[in-house]
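Chemist: fold the following and give me the result.
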Amino acid sequence: MSAESNHASATPFKVAAIQMASGPNVAGNLSEAKRLIARAAEQGARLVVLPEFFAIMGMNEKDKAAVREMAGSGPIQQFLSDTARQYKIWLVGGSIPLAASVPDKVLNSCLVFNEEGQQVARYDKIHLFNLSMGNESYDEAQTIEAGNQVVVIDSPFGRIGLAICYDLRFPELFRAMKDVDLIVLPAAFTETTGKMHWEILVRARAIENLAYVIASAQGGYHVNGRETHGNSMIIGPWGRILDRLPRGSGVVIAEVNPSYQASLRTGLPALTHRKISC
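Modeler: Have a look, this model is predicted:
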């Protein structure tokens, strides 16, 4: 399959990453998310990506279980559906807590809604973050149940691969996506790891896959005392940063040019040179 045939259209289009510093109040977070989505839509974005756990950054790791939803129903999912339909955009719902197979855990799930408000994809985070460094300690496996399926969706914008935060450190996941045009990466990277690794890893995933990467992050100080790295960014398939936001709430926006991407893949056909299959 040629690079061009992956795209529904060769016409350039705008995409946006939303950056937030979410807190424990779901209604407040949804209100802020809608404000930023509206701004992105006003600037012409047709695909908008929210950060990881945009609707809840609780006072402790167990708070997200209190607001988890059953797949297919609940106020957070309804918000995503209604907002996508209202602004006629494809909306990647960062990640939200969905009910897991055990009662005290959640699935960290990225949901995608089309411009009609229909859910068209779901990805459950596979790689669970674990860090013990200095005064910081995280063990997502205590409250999150890992997913096990790689998810790629065909869309009007080409093939989109879904990943969440810590997944970024595992390049084999992105190779398993098989020639995606865009990668979306909702995240809540810690400042400790993010200041050294975030930009390097996001740009690496773009370069090695000759893909656009929309990395939408939590960015700032949270009510619970946590500090997230921010630096939401959109990266082109040659590894260039097209737009970024270091800290705080806001919108990162850039143009995706399918013809440019196709020309890169023709000029440097590295994806056709792979010898080791995932």
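
Chemist: pretty sure Pro246 sits against Thr228.
Modeler: No: using C-beta atoms under 8 Å, Pro246 is not in contact with Thr228; the gap is 11.8 Å. Backbone N, C-alpha and C define where each C-beta goes, glycine included.

Chemist: find the residues that touch each one of those two.
Modeler: Gly219 (C-beta atoms under 8 Å, 6 or more residues apart in numbering).

Chemist: of those two, which one has the most company?
Modeler: Each of Pro246 and Thr228 has its neighbours counted (other C-beta atoms under 10 Å); Thr228 has more, 25 against 13.

Chemist: where along the stretch 1-150 of the chain do the strands fall?
Modeler: For the stretch 1-150 of the chain, the strands defined by DSSP state E, counting those that start in this stretch occupy 13-19, 45-49, 90-92, 96-99, 106-113, 119-124, 130-133, 136-139, 144-145.

Chemist: which helices and strands does the longest one pack with?
Modeler: Read it as strand 106-113. Judged by 3 or more C-beta pairs under 8 Å, 6 or more residues apart in numbering; DSSP states H and E, the packing partners of strand 106-113 are helix 75-87, strand 90-92, strand 96-99, strand 119-124, strand 144-145, strand 158-162.

Chemist: would you turn the ones you listed into CSV with mean pLDDT and distance to Phe170?
Modeler: As requested, the helices and strands packed on strand 106-113 are exported to CSV (pLDDT from 0 to 100; distance: least, C-beta to C-beta, whole Å):
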stretch, mean pLDDT, distance to Phe170
helix 75-87, 98, 26
strand 90-92, 98, 20
strand 96-99, 98, 22
strand 119-124, 98, 14
strand 144-145, 96, 16
strand 158-162, 98, 13
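
Chemist: just name the most buried of these.
Modeler: Mean neighbours per residue, mean count of other C-beta atoms under 10 Å, is largest over the helices and strands packed on strand 106-113 for strand 90-92, with a mean of 28.

Chemist: what sits up against it?
Modeler: 37, 46-50, 80, 83-84, 110-115, 155-157, 162, 184, 186, 214, 216.

Chemist: before we move on, what about stretch 267-278?
Modeler: 172, 175-176, 179, 208-210, 265.

Chemist: how about these in JSON lines, adding pLDDT, distance to Glu136 and secondary structure?
Modeler: Below are the contacts of stretch 267-278 laid out as JSON lines (pLDDT from 0 to 100; distance: C-beta to C-beta, whole Å; DSSP: H, G, I helix; E, B strand; the rest coil):
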{"residue": "Glu172", "pLDDT": "97", "distance to Glu136": "26", "secondary structure": "helix"}
{"residue": "Arg175", "pLDDT": "95", "distance to Glu136": "30", "secondary structure": "helix"}
{"residue": "Ala176", "pLDDT": "96", "distance to Glu136": "30", "secondary structure": "coil"}
{"residue": "Asp179", "pLDDT": "91", "distance to Glu136": "37", "secondary structure": "coil"}
{"residue": "Glu208", "pLDDT": "97", "distance to Glu136": "29", "secondary structure": "helix"}
{"residue": "Asn209", "pLDDT": "98", "distance to Glu136": "30", "secondary structure": "helix"}
{"residue": "Leu210", "pLDDT": "98", "distance to Glu136": "35", "secondary structure": "coil"}
{"residue": "Arg265", "pLDDT": "97", "distance to Glu136": "40", "secondary structure": "helix"}
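
Chemist: from these, which would you call buried?
Modeler: When the contacts of stretch 267-278 are checked for burial by 16 or more other C-beta atoms under 10 Å, the buried set is 175, 179, 209-210, 265.

Chemist: list the contacts for Phe157?
Modeler: Taking C-beta under 8 Å, 6+ apart, one finds 7-8, 13, 15, 46-47, 90, 181-182, 256 in contact with Phe157.

Chemist: would you mind measuring from it to Glu32?
Modeler: Separation of Phe157 from Glu32 (C-beta to C-beta, to the nearest Å) stands at 25 Å.

Chemist: residue contacts, Ile56?
Modeler: Residues in contact with Ile56 (C-beta under 8 Å, 6+ apart) are 22, 24, 26, 29, 63-64, 67, 96-97.
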